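K.L.:
coords below, sequence missing:
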């Protein structure tokens with residue numbers, strides 16, 4: 001039997017793509033346009049039921065012809081590798097044997113939000129991207145992304161649903177921890193480094209494809225609400241700084257990013273059509289394709305077409321501005337706009353019906369399928385889709401990667417104030433809150449009463465407003481100020497004993513009273529207790545500088561413009577602030 005041309009690795013990639021495309025049925029083509037979520041069983045077997053699954057895994061692959069999947073949840077490296085291999089076995093058993101492409105949200109930091117990222121689990125633990133921005137070292141970001149690449153390849157992930165290169169210009173927005181802060185210049189430099197680390201000098205068999213998000217920049221959300229939810233769908237530009245938010249995407253495109261994800265947001269008050277970006281021809285074709293010259297894959301954010309149930313609660317499709325359209329009409333509008341693939345959806349029959357009804361031509365479907373198939377060939381999935389579970393165990397969380405992540409955690413810490421407290425010496429009596437007593441015992445004598453302490457160490461998180469929905473509760477939004485009762489307790493401790501306060505900045509925090517009364521104030525963006533204590537005792541150097549400003553009040557936040565960086569009046573600490581404990585005479589520096 002003659003080997004099909006698409007199976008012959010000696011042939012040019014584009015020739016292989018065309019040969020495969022010519023053999024595909026409309027149903028097989030339609031399946032390529034969907035990139036949906038899957039879970040796996042703890043032992044690495046495929047799951048036939050579970051969260052987000054309308055259909056079992058086997059049905060999605062064999063009957064509905066899907067070949068792009070986003071794995072939700074954690075697992076051991078061996079189990080994840082076994083799952084990846086089983087997915088490839090399922091795909092190999094289909095008529096054309098098109099291998100699956102497996103993707104993941106970020107897995108290398110501390111945030112655990114099923115709609116955005118997972119904590120590191122078995123993978124090496126690094127600071128959030130905000131922490132990498134605080135260090136500001138593009139070479140380190142490239143090395144980080146190369147580590148991600150190596151760990152992902154070991155378990156079979158070939159697409160990273162990151163980096164997130166939005167700009168943190170609206171202080172209340174819940175997604176800032178995944179960004180590189182408020183600076184477009186820094187964001188562009190780090191975005192390009194991230195893409196290079198994931199993909200290498202060019203996309204190939206050793207690459208993980210970067211799906212850069214969220215075009216055209218998801219930061220300027222009205223009132224800081226997130227467009228995962230209807231009350232956060234509006235994106236506004238009162239400062240007229242649309243192009244500022246494009247700068248990181250230009251850098252990522254120049255670096256060769258393979259894919260781009262538009263956000264949910266619906267632009268309001270611009271010359272763009274007031275529909276979500278996944279449906280927006282002005283943005284996807286006019287801006288991204290034509291003005292910026294991007295010819296890679298455009299994949300929508302998850303859940304634009306169909307209503308769903310998330311964590312047992314109803315969730316309407318994020319079809320902002322086109323809520324009145326049917327599912328088929330939404331899909332047609334997105335394809336007309338320039339979308340290639342639908343994230344988080346699994347309804348290929350809709351595409352089949354659109355083509356058969358004449359609403360969408362099969363040639364238009366072919367344009368997107370070509371892009372999607374081409375990436376599979378370039379990544380080498382047709383030649384080598386399987387991974388080695390033993391190698392996965394050796395690679396994921398390897399000592400080399402773990403050490404790099406731990407060093408980055410320490411470097412990212414940002415000393416905001418130091419009133420002759422740091423570095424600590426000897427073995428002082430330590431009172432700790434929000435810090436592991438067991439960890440602290442390696443540095444000092446842990447006491448139960450602040451009155452018996454020489455020093456207190458207090459770890460805090462950025463304040464937020466608790467939201468009622470289970471899924472929405474993971475998106476920390478609303479006020480950045482500490483509630484009055486909590487603030488009084490904090491200040492009582494600061495007045496009782498010299499206190500090192502460390503605040504985790506997943507967003508800017510409003511903390512003028514804490515900044516004034518703490519003996520030392522440090523910001524972290526994802527760091528272990530050991531990392532903080534190493535810095536506090538002078539065993540490691542904190543190099544971080546604020547990747548955004550810290551506002552003085554919520555009134556100043558409300559008065560700022562969402563698209564303008566560092567726009568609050570009289571901030572407590574400006575963008576780029578940080579104290580160097582290793583400089584002579586640096587007890588307090590502004």
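P.N.:
Sure, I can see it. The shown structure was predicted, so the numbers you read here are calculated from the model rather than taken from an experiment. Residues are numbered from 1 along each chain as shown.
K.L.:
okay, CA-based contacts and neighbour counts for the rest of this
P.N.:
Will do.
K.L.:
now residue 4: closest residue in space, sequence neighbours ignored.
P.N.:
The spatially closest residue to residue 4, leaving aside those adjacent along the chain, is residue 19, at 7.9 Å (C-alpha to C-alpha, 6 or more residues apart in numbering).
K.L.:
which residues touch residue 20?
P.N.:
Contact partners of residue 20, counting by C-alpha atoms under 8 Å, 6 or more residues apart in numbering, are 5-6.
K.L.:
list the buried residues of the helix or strand containing it.
P.N.:
Using DSSP states H and E, residue 20 maps to helix 13-23. By 16 or more other C-alpha atoms under 10 Å, the buried positions in helix 13-23 come out as 13-14, 16-18, 20-21.
K.L.:
ok, the residue nearest to residue 4 touching residue 3?
P.N.:
No. Here residue 19 does not reach residue 3: they are 11.6 Å apart, not a contact under C-alpha atoms under 8 Å.
K.L.:
if you count neighbours, what's buried in whichever helix or strand comes after the helix holding residue 20?
P.N.:
Going down the chain from helix 13-23, the next helix or strand is helix 26-32, by DSSP H and E. Within helix 26-32, the residues that count as buried by 16+ other C-alpha under 10 Å are 26-32.
K.L.:
how far out from the middle of the chain is the following helix or strand past helix 26-32?
P.N.:
Next in sequence after helix 26-32, counting helices and strands by DSSP H and E, comes strand 34-38. Computed by C-alpha atoms, centre = their mean, to the nearest Å, the chain-centroid distance of strand 34-38 equals 17 Å.
K.L.:
check stretch 10-25 too.
P.N.:
Worked out by C-alpha atoms, centre = their mean, stretch 10-25 lies 33 Å from the chain centre.
K.L.:
quick one: average pLDDT of that stretch?
P.N.:
The predicted model assigns stretch 10-25 a mean pLDDT of 98.
K.L.:
and for stretch 557-570?
P.N.:
For stretch 557-570, the per-residue pLDDT averages 98.
K.L.:
cool, stretch 500-516 as well?
P.N.:
Average pLDDT, stretch 500-516: 98.
K.L.:
repeat for stretch 319-339
P.N.:
pLDDT averaged over stretch 319-339 gives 98.
K.L.:
what about that stretch, start to end distance?
P.N.:
14 Å (C-alpha to C-alpha, to the nearest Å).
K.L.:
any chance you could list what contacts that stretch?
P.N.:
Stretch 319-339 has contacts (C-alpha under 8 Å, 6+ apart) with 230, 233, 264-266, 274-276, 278-282, 284-285, 298-300, 304-306, 317, 350-351, 354, 359-360, 368.
K.L.:
of those, grab the buried ones for ChimeraX.
P.N.:
Restricted to buried positions by 16+ other C-alpha under 10 Å, the ChimeraX selection for the contacts of stretch 319-339 reads:
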select :230,233,264,265,266,274,275,276,278,279,280,281,282,284,285,298,299,300,304,305,306,317,350,351,354,360,368
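K.L.:
from the contacts of stretch 319-339, which land in helices?
P.N.:
Counting by DSSP state H, the contacts of stretch 319-339 place 281, 350-351, 354, 368 in helices.
K.L.:
quick one: which two of those are the most distant?
P.N.:
Maximum pairwise distance among those (C-alpha to C-alpha): 20.3 Å, between 281 and 350.
K.L.:
so which residues of the stretch 151-300 of the chain form helices?
P.N.:
Counting by DSSP state H, counting those that start in this stretch, one finds helices in the stretch 151-300 of the chain at the ranges 184-199, 242-254, 281.
K.L.:
out of those, flag the one nearest residue 405.
P.N.:
helix 184-199 (15.1 Å).
K.L.:
so which bits of the closest one are buried?
P.N.:
In helix 184-199, counting by 16+ other C-alpha under 10 Å, buried: 184, 186-199.
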